[in-house]
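Participant: With the input below, show me the fold.
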Amino acid sequence: MVDFDWTALIPLLSGLIGALVGGGIGYFAQIRTLEADLAVRRKSLAQALAAEIEAFQRIVNRRDMPGRCQAAADAARAGNENAVREWLSEQDGRMEILSIYHANLGNIGLLGPVCVELVTFVGLVQAILTTIRGAHEGIYDKLDGGQVADLFESELELWRLSEKLAAKVIADLRAIT
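Facilitator: The predicted structure is shown next:
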């Protein structure tokens, strides 16, 4: 029978336990670092998008796009065939919107539940601008004045909805920490 000195295993077991504990600590430290980085990216994106939406809303209000949309609908209803083109410029329809949003589409999900309302807001605005573009491209030329007025009054409802949604989205984005 071989006589074995078990004390020789103490350094080996100590090293193994040290490696396991050190590896576990390193692993959890890396996870915490990644979580902290993600939180910073999430907050940065949220603040940038809130500022971008607020700036967009200021442009819309400064240009009084909802008021001009209503004026175009009223003029169309009164029989002015060129109402839309007179009240809503081609520039309004070609407005490039929310470049930060579009540049970060792959990261929008980081925002959590607020991304649903954010995407809804962007969709509403894009739908409105598409209608304005369509009017300048002649898509609605076959409609009579009343139909054009109805179309733009429904777009006006989208503006109002987008304004309310924008206020909520901005507040929700700013609340992200």
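Participant: what residue is smack in the middle of this structure?
Facilitator: Nearest residue to the geometric centre of the chain (Cα atoms, centre = their mean): Leu118, 4.3 Å.
Participant: right, and Asn174 touches Ala46 too?
Facilitator: You called it Asn, but residue 174 is Arg. Yes. Applying Cβ atoms under 8 Å, one finds Arg174 in contact with Ala46, separated by 7.2 Å. Any C-beta I mention is one placed from the backbone N, CA and C, and that applies to glycine too.
Participant: Apart from its neighbours in sequence, what residue is nearest Arg160?
Facilitator: With sequence-adjacent residues excluded and distances taken as Cβ to Cβ, 6 or more residues apart in numbering, Arg160 is closest to Pro66, at 6.9 Å.
Participant: wait, what's in contact with that neighbour?
Facilitator: Val60, Leu156, Trp159, Arg160, Glu163 (Cβ atoms under 8 Å, 6 or more residues apart in numbering).
Participant: so, if you compare those, which one comes nearest to Gly18?
Facilitator: The shortest gap between Gly18 and any of these belongs to Glu163, at 61.4 Å (Cβ to Cβ).
Participant: before we move on, what SS does the closest one have?
Facilitator: With DSSP: H, G, I helix; E, B strand; the rest coil as the basis, Glu163 sits in helix.
Participant: Tell me how far the longest helix anywhere in the chain lies from the chain's centre.
Facilitator: Criterion DSSP state H: the longest helix present in the chain is helix 9-62. Per Cα atoms, centre = their mean, to the nearest Å, the displacement of helix 9-62 from the mean C-alpha position of its chain is 22 Å.
Participant: average model confidence for that helix?
Facilitator: In this model, helix 9-62 has a mean pLDDT of 90.
Participant: ok, now stretch 135-143?
Facilitator: 85.
Participant: Can you measure across it, start residue to end residue?
Facilitator: End-to-end distance of stretch 135-143: 10 Å, with Cα to Cα, to the nearest Å as the criterion.
Participant: Stretch 134-142 too?
Facilitator: First-to-last residue span, stretch 134-142, Cα to Cα: 12 Å.
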